[in-house]
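1. sequence and predicted structure below; questions after.
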Amino acid sequence: MHSAIMVDVPRPAFHDFYRVNRGGGLFSEALSQRLGAAFALTGQRLGLSPTALTLTNLVIGLSVSVTVIALAGPVAAGSVPAWVVGLVALVGWQVAYALDCADGQLARVTGKRSAAGARIDILCDVATQIALVTALSATAMAQHPQLPVWLVAAFAGTWMVNLVTSVLQTGDNAASMVTSTSLPVRLVKLVRDYGAVIFVAGVVLLVAPASTTWLIAAFTVVNGGFLLASIAFTARAATR
């Protein structure tokens with residue numbers, strides 16, 4: 001009678017999670033994906049599923065944005081210190097995004113990927129980003145009540161370009177308009193690095209909430225310009 005030989009399988013380490021990250025840009029790789037790897041490692045040790053991290057991201061992201069929305073008026077009136085709300089936004093949005101990075105890392109390392117998990121991840125991303133856009137819009141309008149409605153609408157609409165292009169960048173049809181990975185190019189691409197974007201948004205809410213209007217105008221121009229460039233790039237490729 002032969003006894004079974006037990007083989008110790010090493011548990012995944014931090015670097016195992018980080019090496020399967022999906023990038024996202026210079027800032028995201030340097031901070032968000034690293035923090036995500038730490039969260040993924042913790043989740044694996046606790047026996048959590050990737051979806052548990054996804055839903056935690058949703059809860060934190062929504063809670064932070066709802067807080068910003070609820071206090072936008074009091075901050076504009078000066079009855080609530082701007083730095084308090086800004087700090088909550090700066091830290092909370094970064095933690096939520098790191099958890100969004102972590103769920104994918106955990107799924108890939110542990111082999112717990114599924115179509116349903118991918119769908120819930122996208123749906124939660126949509127929900128958290130709608131809440132974030134609403135929070136920035138509410139702050140801008142509280143600071144400047146005469147803010148044109150068309151600017152808020154354009155900001156909200158063009159922001160969704162980020163999600164649409166992210167989905168389009170998956171699978172066999174993915175393509176990049178600028179394939180260079182040089183440092184100057186990657187620095188320019190920070191304008192569309194989600195981790196960097198929410199960092200800037202949090203800093204503005206922290207130190208100069210009145211400048212949120214200029215922030216949403218800048219995001220509208222960047223995202224709208226990227227959409228037009230993407231249409232031209234794709235149209236050119238499609239007509240070759």
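-> Nice, thanks for sending it over. Residues are numbered from 1 along each chain as shown.

2. so Ser211 is in contact with Val204, correct?
-> Yes: applying Cβ atoms under 8 Å as the test, Ser211 and Val204 come out as touching, 5.5 Å apart. Every residue, glycine included, has its C-beta placed from N, CA and C.

3. more neighbours: which of these two?
-> More neighbours surround Val204 than the other of Ser211 and Val204, with 22 against 16 (other Cβ atoms under 10 Å).

4. contact partners for that one?
-> 86, 211-212, 215 (Cβ atoms under 8 Å, 6 or more residues apart in numbering).

5. can you tell me which of the residues you listed is closest to Gly23?
-> Lowest distance from Gly23 to those (Cβ to Cβ) belongs to Leu215, with 24.4 Å.

6. now the closest one: how far from Val221?
-> Per Cβ to Cβ, to the nearest Å, Leu215 is found 11 Å from Val221.

7. who's more crowded, the two?
-> Between Leu215 and Val221, Leu215 has the larger neighbour count (other Cβ under 10 Å), namely 21 against 14.

8. what strand or helix carries the more buried one?
-> Secondary structure assigned from DSSP states H and E places Leu215 in helix 212-238.

9. which residues in this protein form helices?
-> For the chain, the helices defined by DSSP state H occupy 14-18, 26-27, 33-46, 50-77, 82-110, 115-143, 149-168, 183-188, 194-207, 212-238.

10. in the fifth one, what's buried?
-> Neighbour-count burial for helix 82-110, with 16 or more other Cβ atoms under 10 Å as criterion, is recorded at 82, 85-86, 88-90, 92-110.

11. next: stretch 211-218.
-> Neighbour counts over stretch 211-218 (16+ other Cβ under 10 Å) mark 211-213, 215-217 as buried.

12. again, but for stretch 30-47
-> For stretch 30-47, the neighbour count (16+ other Cβ under 10 Å) marks 31-37, 39-41, 43-44 as buried.

13. any weak-confidence spans in the chain?
-> In the predicted model of the chain, residues 1-9, 166-186, 188 satisfy pLDDT under 70.

14. for stretch 61-79, which positions count as buried?
-> Under the neighbour-count criterion of 16+ other Cβ under 10 Å, stretch 61-79 has 61-62, 64-65, 67-69, 71-72, 75-76 buried.

15. next up, phi/psi of Pro81, please.
-> phi -60, psi 130 (degrees, to the nearest 10).

16. give the contact list for Tyr97.
-> Neighbour list for Tyr97: 28, 32, 57, 61, 194-195, 198 [criterion: Cβ under 8 Å, 6+ apart].

17. 7 Å instead?
-> Contacts for Tyr97 (Cβ atoms under 7 Å, 6 or more residues apart in numbering) come out as 32, 194-195, 198.

18. any idea how far Gly24 is from Ala154?
-> Look at Gly24 and Ala154: by Cβ to Cβ, they are 24 Å apart.

19. ugh, typo on my part, it should be Leu99
-> 29 Å.

20. same thing with Ala98?
-> In this view, Ala98 and Ala154 are 29 Å apart by Cβ to Cβ.

21. any chance of the buried residues of stretch 61-79 in JSON lines, plus distance to Arg11?
-> Converted to JSON lines, these look like this (distance: Cβ to Cβ, whole Å):
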{"residue": "Gly61", "distance to Arg11": "29"}
{"residue": "Leu62", "distance to Arg11": "32"}
{"residue": "Val64", "distance to Arg11": "32"}
{"residue": "Ser65", "distance to Arg11": "35"}
{"residue": "Thr67", "distance to Arg11": "37"}
{"residue": "Val68", "distance to Arg11": "38"}
{"residue": "Ile69", "distance to Arg11": "41"}
{"residue": "Leu71", "distance to Arg11": "42"}
{"residue": "Ala72", "distance to Arg11": "45"}
{"residue": "Val75", "distance to Arg11": "45"}
{"residue": "Ala76", "distance to Arg11": "50"}
